[in-house]
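J.: below are the sequence and a predicted model for it; my questions follow.
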2 protein chains.
Amino acid sequence: MNITSDVIKELRDQTGVGLMDCKKALSEAGGNLEKAIDILRKKGLALAAKKASREASEGVIGSYIHMDKIGVLVEVNCETDFVAMTDAFRELVKNIAMHIAASSPAYLKREDVPSDVIDKEKSIYSAQIKDKPLHIVEKIVEGKLEKFYTDTCLMDQVFIKDQEQKKRVKDIVTETVARLGENIIVKRFVRFQLGEKKTIDET
Amino acid sequence: MNITSDVIKELRDQTGVGLMDCKKALSEAGGNLEKAIDILRKKGLALAAKKASREASEGVIGSYIHMDKIGVLVEVNCETDFVAMTDAFRELVKNIAMHIAASSPAYLKREDVPSDVIDKEKSIYSAQIKDKPLHIVEKIVEGKLEKFYTDTCLMDQVFIKDQEQKKRVKDIVTETVARLGENIIVKRFVRFQLGEKKTIDET
């Protein structure tokens, strides 16, 4: 059975579910996208898909301060104040704030990386491996760019408290969506480190 | 005795002390700038002047969360970690963070207001009173601009916890400088309100 990366991507886009679960669902479904969605729905993981268009304007502003030297502020939205007050939601917010303090992401999600930054990264990667055939260079650049996203984008970073280092931050969000049955969006964050040069006003 | 606004400004620039104290000192000093500085030094208020060039790179990142719906992060710098750990310094940081949550300043200090914003404000004020003679219009515009600064700039805002509504945020900073004998700088802040349209990335 051949499960293409395109169909995996499509399933992830439609459901917001993590890579491994999508692969498994597609495998169970014999590569059929619709069946795979049903499988994910039955597992309670694909709730995220149905919820994605619903407005998430309630939520919590959370903070985390580490040793008075690092501070994080994060806004996480959900659909109702009821869910915002649940322990599961609050724990998610706390975990994300702690994660940001520890992992210092530069962007919220990969779509937020400016195109000139991506171009610059790509040109550096290409220069490092210029002697290889073009199709190989492209593959390697793609892989390195994926690594760049997982290093710098909050939602793609490996969640610090996951011992097995498999779950990304977006996976713990999706899990909480499935658990609480509401769309959840990490809307924005800011991280201050004492004495760093960066200022709020940099444009 | 004639104390010009120029000499008051000069004294404020050299010492970093508030308007009322500068006026009083100049009055006591018969308008003499050097004597006025001495008077402020004797009162312990002009420490800020001597300290202003010293590096303030220690300090605290403080936060304040109001009802989970408003969050503030603030960096306040001092010169040594010793001072950063004092109760007086920590209380200052807490007070400033609470003040920001309540008063929602748009800028840190008046120098941070972009010139196009100032131009726009001025043109609105002028339009409101265009039938008056020029020198009166100028005076009124100046007064309204001053009001704009005290409304929008953290350091110029009236400190929320001051019952008599006389102290500005910069005054409570200056008081703590005098008390602790170290230069203190409010370096940056950010304020999140749940569901507001503003994002971090607006440029």
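T.: Looks like it came in fine. Here the structure is a predicted model, which means the values were calculated and not measured.
J.: for the residue in chain A sticking out farthest from the centre, helix, strand, or coil?
T.: Centroid-distance maximum for chain A: A:D131 at 33.7 Å, with CA atoms, centre = their mean. Under DSSP: H, G, I helix; E, B strand; the rest coil, the three-state class of A:D131 is coil.
J.: got phi/psi on it?
T.: Main-chain torsions, A:D131, degrees, to the nearest 10: phi -80, psi -10.
J.: next one: it from A:F148, what distance?
T.: 22 Å (CB to CB, to the nearest Å). C-beta coordinates here come from the backbone N, C-alpha and C atoms, glycine included.
J.: same deal with A:N32?
T.: 33 Å.
J.: which one of those two has more residues nearby?
T.: It is A:F148, of A:N32 and A:F148, that has more neighbours when counted by other CB atoms under 10 Å in any protein chain shown, with 19 against 14.
J.: run through who's touching the helix or strand encompassing the more buried one.
T.: Taking DSSP states H and E as the definition, one finds A:F148 inside helix A:134-152. Contact with helix A:134-152 is made by A:105-107, A:110, A:113, A:118, A:121-122, A:125-126, A:129-130, A:132, A:156-158, A:168, as judged by CB atoms under 8 Å, 6 or more residues apart in numbering or on different chains.
J.: filter the residues you listed down to the buried ones, PyMOL style.
T.: Of the contacts of helix A:134-152, the buried ones can be selected in PyMOL as follows, counting by 16 or more other CB atoms under 10 Å in any protein chain shown:
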select buried, chain A and resi 105+107+110+113+121+122+125+126+156+157+158+168
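J.: which of the contacts of helix A:134-152 fall within helices?
T.: A:118, A:121-122, A:125-126 (DSSP state H).
J.: which of the residues you listed come close to chain B?
T.: With CB under 8 Å from any CB of the partner chain as the criterion, the ones in helices among the contacts of helix A:134-152 include none near chain B.
J.: which pair of the residues you listed spans the longest distance?
T.: A:I118 and A:S126 (12.4 Å; CB to CB).
J.: following the helix-or-strand element of chain A with minimal mean pLDDT, which helix or strand shows up next?
T.: In chain A, no helix or strand scores lower on mean pLDDT, DSSP states H and E than helix A:47-51, which sits at a mean of 48. Going down the chain from helix A:47-51, the next helix or strand is strand A:58-66, by DSSP H and E.
J.: distance check, the residue nearest the centre of chain A against A:I96.
T.: For chain A, the residue nearest the mean C-alpha position is A:M155 (2.2 Å; CA atoms, centre = their mean). Distance, A:M155 to A:I96, using CB to CB: 10 Å.
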